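Novice: from the sequence below, what's the structure:
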Amino acid sequence: MTPKLIALDLDGTLLTSRGNVSERNVASVQAVADAGYHVVIATGRPLHLVTHLADQLGTSVSHVVGTNGSMIGTFPDGQLLRLTGFDIDLAHRAVAAFRLGLPGTGFAVATDAGLAHERGFAERMPAVVDTDPIDDILALGGTEVFKLFAFHDNMSVPALLGAAPALLPETLAATHMGADAIDIGPVAIDKCAGLQWVCELLGVSAADVIAFGDEWNDITMLQWAGRGVAMGNADPRVRAAANEVAPPNTADGVAIVLERLLK
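Specialist: Purely as a prediction, here's the structure:
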């Protein structure tokens, strides 16, 4: 049989509004895995914020494409297979440009020296941030950046996304992962690129991938996959990029599509 793969975004897609996986979604993911499909999580979250789902998903999921493609690992054991970052000088340039062009912008960053976030960031995240804020993320140090967020109390995410291209170095781009902040990273690294790497590893072609998502950072993945499925709660741009629209995550949209697939 030709290997096939299911790629699942988490927040707003597979997960409920409470951040867990419904029983119906758990059963459907297990069923497609039992039927021979590879199941891969593709998320903006880093690997350590996905491992808590192991109790529900077990070995039905084989890999995680995390931090929007820059971190790839196995599941449920969390073995890191690939980590792609960008030079910290680029992050410093981006932060300086935002602070000059959009005073009041706050930031969070993950580097090879650790994680740092400024006040107001933790409240915007769907998962718990268990470190205290600092006054300036640039004090963290390090040489390589794996994640950079920007947020503003007086600007919406769409407004920040609109302003970002004029402020960022040309090798960096901004996207949205669902939280009330924008996600900044290399132009060439996204969920699609990470998923392509996993598919090459597993011998799966794009035509045999079904990808599910709801946010801007899912668009390239949905367009690349042989079948892109946007959730009913998805941003209009995401729905326009997909081949079909499933019921929302609050109505077990992933399970409904997977159940039909197996029939």
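Novice: low-confidence bits of the stretch 151-263 of the chain, can you list those?
Specialist: Residues of the stretch 151-263 of the chain meeting the criterion pLDDT under 70: none.
Novice: ranges for the helices of it?
Specialist: Ranges of helices within the stretch 151-263 of the chain are 157-167, 191-202, 219-224, 236-241, 253-262, based on DSSP state H, counting those that start in this stretch.
Novice: reformat those as CSV; add distance to Ile184.
Specialist: Any C-beta I mention is one placed from the backbone N, CA and C, and that applies to glycine too. Output for the helices of the stretch 151-263 of the chain, formatted as CSV (distance: least, Cβ to Cβ, whole Å):
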stretch, distance to Ile184
helix 157-167, 7
helix 191-202, 15
helix 219-224, 16
helix 236-241, 19
helix 253-262, 28
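Novice: nearest residue to Thr84 in space, please, no chain neighbours.
Specialist: Closest residue to Thr84 apart from its sequence neighbours, by Cβ to Cβ, 6 or more residues apart in numbering: Ser70 at 4.6 Å.
Novice: this protein: strands as residue ranges?
Specialist: Per DSSP state E, the chain carries strands over the ranges 5-8, 38-42, 63-66, 71-74, 80-83, 86-87, 106-111, 114-117, 144-151, 172-175, 182-186, 209-213, 227-230, 244-245.
Novice: distance of Ile6 from Ala31?
Specialist: 11 Å (Cβ to Cβ, to the nearest Å).
Novice: more neighbours: these two, which one.
Specialist: Ile6 (26 against 16; other Cβ atoms under 10 Å).
Novice: neighbours around the closest residue to the more buried one other than its chain neighbours, how many?
Specialist: Nearest non-adjacent residue to Ile6, counting by Cβ to Cβ, 6+ apart: Val39, 4.9 Å away. By other Cβ under 10 Å, the residues close to Val39 number 20.
Novice: quick check: Val39 touching Leu5?
Specialist: Yes. Taking contacts as Cβ atoms under 8 Å, Val39 lies within contact range of Leu5: 7.4 Å.
Novice: give the residues shared as contacts by Ile6 and Ala31.
Specialist: Shared contacts of Ile6 and Ala31 (Cβ atoms under 8 Å, 6 or more residues apart in numbering): Leu258.
Novice: and Ala251, what does it touch?
Specialist: Ala251 neighbours (Cβ under 8 Å, 6+ apart): Gly232.
Novice: hmm, I was thinking of Thr84
Specialist: 69-71, 146, 186, 189.
Novice: so which of these is the closest to Gly106?
Specialist: The shortest gap between Gly106 and any of the contacts of Thr84 belongs to Phe146, at 18.6 Å (Cβ to Cβ).
Novice: what separates that closest one from Val29, distance-wise?
Specialist: 27 Å.
Novice: between the two, which is the more surrounded one?
Specialist: Neighbour count, other Cβ under 10 Å: between Phe146 and Val29, Val29 has more, with 25 against 21.
Novice: neighbours of Pro165, how many?
Specialist: Using other Cβ under 10 Å: Pro165 sits among 11 other residues.
Novice: next: Asn217.
Specialist: By other Cβ under 10 Å, neighbour count at Asn217 equals 26.
Novice: just to check, it is in contact with Ile182?
Specialist: No. Look at Asn217 against Ile182 with Cβ under 8 Å: they stay out of range, at 9.9 Å.
Novice: between the two, which contacts overlap?
Specialist: 175-176.
Novice: so who does Ala207 touch?
Specialist: Here Ala207 is in contact with Gly226 (criterion: Cβ under 8 Å, 6+ apart).
Novice: switch the strands of the chain over to a markdown table; also include distance to Val129.
Specialist: A markdown table is the format used below for these (distance: least, Cβ to Cβ, whole Å):
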| stretch | distance to Val129 |
| --- | --- |
| strand 5-8 | 23 |
| strand 38-42 | 20 |
| strand 63-66 | 16 |
| strand 71-74 | 17 |
| strand 80-83 | 20 |
| strand 86-87 | 22 |
| strand 106-111 | 8 |
| strand 114-117 | 6 |
| strand 144-151 | 11 |
| strand 172-175 | 20 |
| strand 182-186 | 15 |
| strand 209-213 | 23 |
| strand 227-230 | 28 |
| strand 244-245 | 32 |
